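Trainee: Predicted model follows, preceded by the sequence.
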Amino acid sequence: MARRAARQPAAAPAAPVTVTVCRGCCCGTTAKHPGVDHAGQLARLRAGVGTAGQVRAVDCLDACGHSNVVVVSPSAEGRRAGGRPVWLGWVLAEDMIDEIGEWVRAGGPGIVPAPGVLDLQEFQVSRRVRDGLPG
């Protein structure tokens, strides 16, 4: 009787860079940021990130004083290299959206430093806020 090779479980796909965009009570509203095309920004961000990562919009990240808030979370590889989620505030200009897409395509946190002026937009959140976020 011939022996069959043991089946190896399929490798789980590596977690990509994730860009979380706040679109709740303050972020993403024309009431707080008139003249900003919020839907256009989200579409531009998705196009800029492309297949290098994923972009998701959430209701509220509870950091309204920094509106518009975007969190760039490292890929699995970036985490292994020491990368941690980077909170960016006041993401209102098109060049910032383009730089986020460029960063994700280059590998994101833990792999490469943030390009352009993104480091000036970075802020720290409280543990209460950070721990209360959905996975």
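Mentor: That came through, no problem. Residues are numbered from 1 along each chain as shown.
Trainee: which residues in this structure form helices?
Mentor: For the chain, applying DSSP state H gives helices covering 38-49, 76-80, 94-106, 118-121, 127-131.
Trainee: Turn the ones you listed into a markdown table, columns for mean neighbour count and mean pLDDT.
Mentor: The way it works is simple: take the backbone N, C-alpha and C, and place the C-beta from them, glycine included. Below are the helices of the chain laid out as a markdown table (neighbours: other Cβ atoms under 10 Å; pLDDT from 0 to 100):
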| stretch | mean neighbour count | mean pLDDT |
| --- | --- | --- |
| helix 38-49 | 17 | 95 |
| helix 76-80 | 16 | 96 |
| helix 94-106 | 19 | 96 |
| helix 118-121 | 16 | 92 |
| helix 127-131 | 10 | 68 |
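Trainee: Tabulate those helices in CSV, adding columns for distance to residue 66.
Mentor: Converted to CSV, the helices of the chain look like this (distance: least, Cβ to Cβ, whole Å):
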stretch, distance to residue 66
helix 38-49, 16
helix 76-80, 22
helix 94-106, 13
helix 118-121, 9
helix 127-131, 11
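Trainee: any idea how far the residue nearest to the spatial centre of the chain is from residue 126?
Mentor: Nearest residue to the geometric centre of the chain (Cα atoms, centre = their mean): residue 19, 1.8 Å. Applying Cβ to Cβ, to the nearest Å, the value for residue 19 to residue 126 is 21 Å.
Trainee: check contacts around the nearest residue to residue 59 once chain neighbours are set aside.
Mentor: Nearest residue to residue 59, sequence neighbours excluded (Cβ to Cβ, 6 or more residues apart in numbering): residue 24, at 4.2 Å. The neighbours of residue 24, taking Cβ atoms under 8 Å, 6 or more residues apart in numbering as the test, are 58, 59, 60, 61.
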